[in-house]
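[1] below are the sequence and a predicted model; questions follow.
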Amino acid sequence: MSIYTNRADNTVVITGQLLFSTIAKIYELQGRVVSTSILETTNRLQTIDVSNFNTGVYIVELSNTSQKKTQKVIID
């Protein structure tokens, strides 16, 4: 599972196989949720539009019934 930003498209990209329905939340560094998305288990590559986000560091959290992953990303 990989999480990274694509500057050209202003998106956060999530790659890898999800075995269960997964919720992706993006947090500001102050802890406020700025985006929540449900990811599809059938897609190995998914994107979240962040074109309306301010430049800065954000935390992406993926969670489902058996997994949890968090990662910092920089949006500029």
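    Perfect, I can see it now. Keep in mind it's a predicted model, so treat the numbers as computed, not measured. Numbers count the residues shown, from 1 in each chain.
[2] partner strands of the strand or helix carrying Val57, with direction?
    Assigned by DSSP states H and E, Val57 belongs to strand 56-63. Applying DSSP bridges, strand 56-63 is found paired with strand 22-28 (antiparallel), strand 68-75 (antiparallel).
[3] could I get those strands as CSV with mean neighbour count, mean pLDDT and distance to Leu45?
    Where C-beta positions appear, they are placed from N, C-alpha and C, glycine not excepted. Formatted as CSV, the strands paired with strand 56-63 follow (neighbours: other CB atoms under 10 Å; pLDDT from 0 to 100; distance: least, CB to CB, whole Å):
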stretch, mean neighbour count, mean pLDDT, distance to Leu45
strand 22-28, 17, 97, 13
strand 68-75, 14, 96, 16
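[4] how about these in TSV, adding distance to Val50?
    Below are these laid out as TSV (distance: least, CB to CB, whole Å):
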stretch	distance to Val50
strand 22-28	7
strand 68-75	5
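[5] how about the ones you listed, which one is nearest Asn52?
    Closest of those to Asn52 is strand 68-75, at 10.3 Å (criterion: CB to CB).
[6] can I get the closest one as PDB, trimmed to CA atoms?
    C-alpha atoms of strand 68-75 as PDB (Å, rounded to 0.1, in the frame of the first residue of the first chain):
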ATOM      1  CA  LYS A  68      -4.800   1.000   9.700                       C
ATOM      2  CA  LYS A  69      -2.200   3.100   7.900                       C
ATOM      3  CA  THR A  70      -1.200   6.700   8.400                       C
ATOM      4  CA  GLN A  71       1.200   8.800   6.400                       C
ATOM      5  CA  LYS A  72       2.200  12.500   6.100                       C
ATOM      6  CA  VAL A  73       1.900  14.100   2.700                       C
ATOM      7  CA  ILE A  74       2.900  17.600   1.500                       C
ATOM      8  CA  ILE A  75       0.400  19.400  -0.700                       C
END
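[7] which residues are in contact with Ile14?
    The neighbourhood of Ile14, defined by CB atoms under 8 Å, 6 or more residues apart in numbering, consists of Met1, Ser2, Ile3, Ala24, Leu39, Leu45, Gln46, Thr47, Ile48, Val60, Leu62.
[8] also Met1?
    Contact partners of Met1, counting by CB under 8 Å, 6+ apart, are Ile14, Thr15, Gly16, Leu18, Leu62, Lys69.
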